[in-house]
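**Student:** Pasting a predicted model and its sequence here:
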Amino acid sequence: MNVLVLNASYEPLQKVDLRHAIRMLVREVAVVEEAEEGRTIGPFPVPRVLRLVRYVAMRWRHGRRPPWSKRGVYLRDRGLCGYCGRRGDTVDHVHPQSRGGGDTWENTVLACGRCNNRKGDRTLAEAGLRLRWEPRVPRWEDLVGP
């Protein structure tokens with residue numbers, strides 16, 4: 001189970017596992033904003049959302065784009081295939097790697113197995129496919145996750 005951590009200003013920061021969340025409560029660096037009904041761990045309710053007691057400056061985010069990752073592509077595309085809109089399960093390169101395409105935000109989309117097999121190592125035009133949306137660099141907030 002993952003717990004969402006908010007900054008003191010209520011902006012999403014990251015997700016942490018339950019053990020980390022409880023340690024944050026024990027150290028009193030965070031407070032519970034939302035908890036699971038009727039569940040506790042010792043004296044603490046089982047948290048869904050924590051808020052930091054003190055504001056954490058996130059200078060490292062300003063002016064920098066998030067680094068590319070497969071998990072980031074999944075979160076950016078909300079789990080949907082960029083070609084047909086069904087549930088996606090693989091990362092596909094719009095411009096194939098075999099033809100010089102790289103692991104970048106603008107060159108990757110989530111794809112279902114059917115569309116990924118149909119496209120193969122061909123370009124969109126060669127495979128007769130169209131993108132449902134233009135791949136873009138996500139905002140940091142888009143990568144916090146569900």
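**Tutor:** Now that the structure is in, tell me what you want to look at.
**Student:** how much distance is there from stretch 12-26 to the middle of the chain?
**Tutor:** 17 Å (CA atoms, centre = their mean, to the nearest Å).
**Student:** Now do that stretch, average pLDDT.
**Tutor:** Taken as a whole, stretch 12-26 has an average pLDDT of 93.
**Student:** now the end-to-end length of it.
**Tutor:** Stretch 12-26 has an end-to-end distance of 21 Å (criterion: CA to CA, to the nearest Å).
**Student:** in it, what's buried?
**Tutor:** Buried residues in stretch 12-26, defined by neighbour count with 16 or more other CB atoms under 10 Å: Pro12, Leu13, Lys15, Val16, Ala21, Ile22, Met24, Leu25. For glycine as for every other residue, the C-beta is placed from the backbone atoms N, C-alpha and C.
**Student:** Then stretch 89-105?
**Tutor:** Buried, per 16+ other CB under 10 Å, within stretch 89-105: Thr90, Val91, Asp92, His93, Val94, Pro96, Gly101, Trp105.
**Student:** Arrange these in a markdown table, one row each, with secondary structure as further columns.
**Tutor:** A markdown table is the format used below for these (DSSP: H, G, I helix; E, B strand; the rest coil):
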| residue | secondary structure |
| --- | --- |
| Thr90 | strand |
| Val91 | strand |
| Asp92 | strand |
| His93 | strand |
| Val94 | coil |
| Pro96 | coil |
| Gly101 | coil |
| Trp105 | helix |
